[in-house]
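J.: The following comprises the amino acid sequence and a computationally predicted model.
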Amino acid sequence: MPSVFDILGEDHAEVERMLAELESGPTAAGGADRWMLARREKMVERLIIRQSRHEAIEELHFWPAVRERHPSGDALADTATGQEQEVREVLGLLGWLDADMPEFENVLARYIQAGRDHFRFEETRVWPGLSQVLNARDAADLGQRLEQAKETMEGTHGQ
């Protein structure tokens, strides 16, 4: 049974793959045609949905466990949820922009940096301490709750 760290790590890796593809993809400034820009917008749309689900699941299950079990849980969760709010705001702005708008790439770059900073914070500041206070069974149980929440959200909202 996968642990909470396995589940979150898979989510982070999936988003990172999307970010890498967006970073290397054709841009309006680089001469991308209308079809390429439409594909880029669709990728961003999928990213927004994926990231929104990930953050919602963390808010429901992961951050409460961090607050309850991690010795510095409240401070870490407060920092992380503040980062997540910044990510949501940037994603919201990105959702209103078209890929041929000059500000699209700037906002996307802001999201990429904020998203990576947040993942790094979770993986290096939160996970090590949490892994010390959760036994294997608790980590697997929390992982199962995250998986069930993902399945429920994906089943309810498609994709």
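T.: Nice, I can see it.
J.: helices or strands next to the helix or strand bottoming out on mean pLDDT in the chain in the packing?
T.: Least confident helix or strand of the chain, by mean pLDDT, DSSP states H and E, is helix 136-157 with a mean of 88. The contact analysis (3 or more Cβ pairs under 8 Å, 6 or more residues apart in numbering; DSSP states H and E) places helix 136-157 against helix 4-24, helix 34-57. Where you see a C-beta, it was placed from the backbone N, CA and C, and this is true even at glycine.
J.: Using TSV, lay out the ones you listed together with mean pLDDT and mean neighbour count.
T.: Shown next, in TSV, are the helices and strands packed on helix 136-157 (pLDDT from 0 to 100; neighbours: other Cβ atoms under 10 Å):
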stretch	mean pLDDT	mean neighbour count
helix 4-24	94	16
helix 34-57	92	17
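J.: what would these look like in JSON lines with distance to Val107?
T.: Putting the helices and strands packed on helix 136-157 into JSON lines (distance: least, Cβ to Cβ, whole Å) gives the following:
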{"stretch": "helix 4-24", "distance to Val107": "12"}
{"stretch": "helix 34-57", "distance to Val107": "10"}
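J.: Could you point out which of the ones you listed sits nearest Glu68?
T.: helix 4-24 (13.0 Å; Cβ to Cβ).
J.: Relative to Val87, how far out is the spatially most central residue of the chain?
T.: Geometric centre of the chain, nearest residue: Gln51, 4.0 Å, by Cα atoms, centre = their mean. Separation of Gln51 from Val87 (Cβ to Cβ, to the nearest Å): 7 Å.
J.: shared neighbours of the two, anything?
T.: Common contact partners of Gln51 and Val87 (Cβ atoms under 8 Å, 6 or more residues apart in numbering): Gly115.
J.: one step back: for Thr81, find the nearest of the helices and strands packed on helix 136-157.
T.: Per Cβ to Cβ, nearest to Thr81 of these: helix 34-57, 8.9 Å.
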